[in-house]
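In: okay, sequence plus prediction incoming.
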Amino acid sequence: MKLIVLDRDGVINEDSDAFVKNPDEWIPIAGSLQAIAKLCEAGWTVAVATNQSGLARGLFDPMTLDDMHFKMQRLAMEEGGRVDLIVHCPHGPDDGCVCRKPLPGLFQQVADHFHLDNLDGVPVVGDSLRDLQAGTQLGGAPYLVRTGKGLKTQKGELPPGTQVFDDLAAVAEHLLGAGA
């Protein structure tokens, strides 16, 4: 199985310091849905692992999160793609959970769902250091995108082997061009 794990906000859709709180605020980054479609057409399985502390903060409820994810799925399908799995952390930064990135809990959920022992070599794509740290703990290959918070993240220390791309479309082009 060719698996890729994507962060959501800042990778697939526009990020917001005020949080993405409803489907109207969920705005895809140019080319991201087409990138997902190209990956799917080439046989990739796409998973999304996303921190959603807006739930714990009371900024939106689980049904609204489902509506945002339904919109993402619908728009991806309109481009010929799909997201095969979405896992999210509903907790706040001080809740002490094991799923909030940079902890690896969400990535363990992805591995478990697909009956994998680890994520060795699986591309993990994010715009923040915590996305990359969480994925690499299970052996994922870190890919930083410059969208969202990526330009700021790029200025800091990155996990060894991190590859940096302008956006998800460039990551997909690289992976598909590599015959991976």
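Out: Structure received. Numbering: from 1, shown residues only.

In: mind listing what's buried along the lengthiest helix in the chain?
Out: In the chain, assigned by DSSP state H, the helix with the most residues is helix 62-78. For helix 62-78, a neighbour-count test (16 or more other CB atoms under 10 Å) marks L65, D67, M68, H69, K71, M72, L75, A76 as buried. For glycine as for every other residue, the C-beta is placed from the backbone atoms N, C-alpha and C.

In: cool, and stretch 91-107?
Out: H91, G92, C99, R100, K101, L103, P104, G105, L106, F107.

In: re earlier: what's downstream of the longest helix of the chain, the next helix or strand?
Out: strand 85-89 (DSSP states H and E).

In: residues making contact with that following strand?
Out: Here strand 85-89 makes contact (CB atoms under 8 Å, 6 or more residues apart in numbering) with 8, 45, 47-53, 65, 69, 72, 97, 99-101, 105-106, 109-110, 113-114.

In: then stretch 9-23?
Out: For stretch 9-23, the external contacting residues (CB under 8 Å, 6+ apart) are 6, 25-29, 32-33, 36, 48, 50, 54, 57, 59-60, 64, 67-68, 70-72, 125-128, 131, 145, 147-150, 168.

In: could you do stretch 128-137 as well?
Out: So stretch 128-137 is contacted by 5, 7, 10-11, 49, 51, 101-104, 106-107, 119, 122, 124-126, 142-144, 148-150, 153, 156, 158-159, 162 (CB under 8 Å, 6+ apart).

In: how about a cut-off of 6 Å?
Out: Stretch 128-137 is contacted by residues D7, K101, P102, P104, F107, V124, G126, P142, K149, T153, P159 when judged by CB atoms under 6 Å, 6 or more residues apart in numbering.

In: just the ones of those in strands?
Out: Mapping those onto strands (DSSP state E) picks out V124, G126, P142.

In: was I right to think G92 contacts L55?
Out: No - contact between G92 and L55 fails when scored by CB atoms under 6 Å: they sit 8.5 Å apart.
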